[in-house]
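Chemist: Below are the sequence and a predicted model for it; my questions follow.
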Amino acid sequence: MAKQLFGTDGIRGVAGEYPLDPPTVHAFGVALGSDLRRASPDAAVLIGMDTRESGPWIAAQVASGLAQQDVRAVSAGIITTPGVAWLTRSDSFTAGVMISASHNPYQDNGIKVFGHSGYKLPDAEEHAVEQEIFRHAGEAPGAPLPLAADPGLAERYLSYLESAVSGSFEGMRMVLDCGNGAASQLGPALFRRLGAEVLPIGCRPDGRNINLNCGALHVEPLRAAVLESGAALGVAFDGDADRAIFVAASGHIVDGDAVLLIAARALKAAGKLDGDLVVATVMSNLGLERALERDGIRLLRTPVGDKYVLEEMVRAGAVLGGEQSGHVIFRQFATTGDGLLTAMRILEISRNAHAGLDQLTAGLDIYPQRLQNVRIRERRALHELAEVAREIEECQQALGSSGRVLVRFSGTEPLARVMVEGPDLARVDEFTDRIATAIRNEIGA
């Protein structure tokens, strides 16, 4: 049965509106507490958040709902999503809850849940929690239960990251754009401890400026800062720092696909790329697939979402996987995408190879790719939309094996996403427009 509240990355919406209104958030806490109590009578939940102004009241309502089920809540305060995942599995917490809407603007927020394993809950368990939420729908929310943050938790996470890299980054100048989000303090602190010269931007959160013209979705300020400062590279994180996008010293943007290529080559050269394979999503560029093939590395594709990338990594025994958007999973060290860890790994590879990001990505020829988002009024199977199905088939036949057409519905917003890639930009633009127009004609909002 399809889930109604959980999307590809937890429950997400406008803070204060359903499903992130106080009664539903409280019901979530009750539902999660009920689910956890069945497995453990002394359950405890770790709660973290990014810098949105709505984070504290959402955390207080979740804690109140958990308390109604006699489940203890502990706050890590402002911390990254991968920080919550690592602390949940490395400590005695039964589950972890991260309050964040990732790369979305401050008005939005979300709730992500990790089991004690550090993995996001499987679809079946998310569905069970949903059903419990619906059973408590309409109940008056309990009194919020504000929690004092334990600063020692974030410090433990930073210490772990320090231990995951060898040597120092002494003499390396880097620009760090933390998107005014969860990494605003942790990021500069980590890389300074590792010896790097850090030039921070986007590190002054005020509750409303998270992801605002900064961070992983808006790399123009980072690029300008790298070029002006002569830094070896720049790194931009999103609001909860589970993704990282890089800028080379030349100003060239290095996205998640390029990061996967850099990491895969380094791991293969060290004999540590198990199975000579990498896992990515259907959104990764054909250029990545071709470059990996030339290096004797297979690419396995999954639906969009780092949760699905991780599931395939576990199934296939892969140690590296990720998304074009900058979520990269190093399974030896983490159970989810971790922007700070990714930045450490790339700096380490660059230092050891005495090479910049432009050299490390040599041979990656990116195919022109266009993505259009179409706002929709309803979701229907694509094969039921005659005009849409016809355009998709005609465009894919025209591209043949030299290109791809991908049409999917967003897991977090009322959008249809149309992606076309191929060797010729004009045809890519034409095919994208044709399919997007067909969607607007049939189910557009």
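Modeler: Yep, that arrived. Numbers count the residues shown, from 1 in each chain.
Chemist: C-alpha only now, for contacts and for neighbours.
Modeler: Will do.
Chemist: hmm, who's touching stretch 180-190?
Modeler: Contact with stretch 180-190 is made by 49-52, 78-80, 158, 161-162, 176, 178, 198, 200, 202-206, 209-212, 214-215, 237-241, 340, as judged by Cα atoms under 8 Å, 6 or more residues apart in numbering.
Chemist: what residues are up against residue 244?
Modeler: By Cα under 8 Å, 6+ apart, the neighbours of residue 244 are 216, 235-238, 255-256, 325-327, 338-340, 342-343.
Chemist: If you rank those residues by neighbours, which is first?
Modeler: Neighbour tally across those (other Cα atoms under 10 Å): the maximum, 37 neighbours, falls on residue 237.
Chemist: Can you tell me how far it is from residue 44?
Modeler: 29 Å (Cα to Cα, to the nearest Å).
Chemist: and residue 187, how far is that from residue 7?
Modeler: From residue 187 over to residue 7 the distance is 28 Å, taken as Cα to Cα.
Chemist: more neighbours, the two?
Modeler: residue 187 (23 against 18).
Chemist: among the contacts of residue 244, which are in strands?
Modeler: In this view, those that belong to strands under DSSP state E are 235-237.
Chemist: Isn't residue 146 up against residue 59?
Modeler: Yes. With contact defined as Cα atoms under 8 Å, residue 146 counts as touching residue 59 (7.3 Å).
Chemist: Contacts for stretch 109-116, please.
Modeler: With Cα under 8 Å, 6+ apart, stretch 109-116 has contacts from 9-15, 20, 52, 54-55, 85, 88-89, 92-102, 120-121.
Chemist: mind giving me the domain split of the chain?
Modeler: Using automatic domain parsing, the domain parsing of the chain gives 6-152, 164-360, 369-443.
Chemist: how far does stretch 250-263 sit from the chain's center?
Modeler: 16 Å (Cα atoms, centre = their mean, to the nearest Å).
Chemist: do stretch 3-15 as well
Modeler: Stretch 3-15 sits 14 Å away from the centroid of its parent chain (Cα atoms, centre = their mean).
Chemist: rewinding a little: just the closest of the ones in strands among the contacts of residue 244 to residue 37, please.
Modeler: Nearest to residue 37 among these is residue 237, at 35.2 Å by Cα to Cα.
Chemist: Wait, that closest one touches residue 201, no?
Modeler: No. Applying Cα under 8 Å, one finds residue 237 not in contact with residue 201, separated by 10.9 Å.
Chemist: Give the intersection of the neighbour lists for the two.
Modeler: Joint contacts of residue 237 and residue 201 (Cα under 8 Å, 6+ apart) are 177-179.
Chemist: Checking residue 227 next. Helix, strand or coil?
Modeler: helix (DSSP: H, G, I helix; E, B strand; the rest coil).
Chemist: how deep is it tucked in, by neighbour count?
Modeler: With other Cα under 10 Å as criterion, residue 227 counts 18.
Chemist: was I right about it contacting residue 249?
Modeler: Yes. In this structure residue 227 lies within contact range of residue 249 using Cα under 8 Å: 6.7 Å.
Chemist: that older thread, ok, so of the contacts of residue 244, who is nearest residue 414?
Modeler: residue 325 (19.6 Å).
Chemist: list the contacts for the closest residue to that closest one other than its chain neighbours?
Modeler: Excluding the flanking residues, the one nearest residue 325 by Cα to Cα, 6 or more residues apart in numbering is residue 256, at 5.5 Å. For residue 256, the contact set (Cα under 8 Å, 6+ apart) comprises 244-245, 322-328.
Chemist: Taking these together, which two end up most distant?
Modeler: Taking Cα to Cα, no two of the contacts of residue 256 sit farther apart than 245 and 322, at 12.3 Å.
Chemist: Residue 251 is in contact with residue 229, isn't it?
Modeler: No. With contact defined as Cα under 8 Å, residue 251 does not count as touching residue 229 (11.3 Å).
Chemist: Reformat the shared contacts of residue 237 and residue 201 as a markdown table; add distance to residue 370.
Modeler: Shown next, in a markdown table, are the shared contacts of residue 237 and residue 201 (distance: Cα to Cα, whole Å):
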| residue | distance to residue 370 |
| --- | --- |
| 177 | 26 |
| 178 | 27 |
| 179 | 25 |
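Chemist: before we move on, back to that, return the subset of the contacts of stretch 109-116 lying in helices.
Modeler: 55, 85, 88-89 (DSSP state H).
Chemist: Just give me the closest of these to residue 420.
Modeler: Distances from residue 420 to those, taken by Cα to Cα, are shortest for residue 85, at 33.9 Å.
Chemist: Secondary structure class of the nearest residue to that closest one once chain neighbours are set aside, three-state.
Modeler: In this structure, residue 85 finds its nearest non-sequential neighbour in residue 118, 4.7 Å apart by Cα to Cα, 6+ apart. Here residue 118 takes the coil state, with states given by three-state DSSP.
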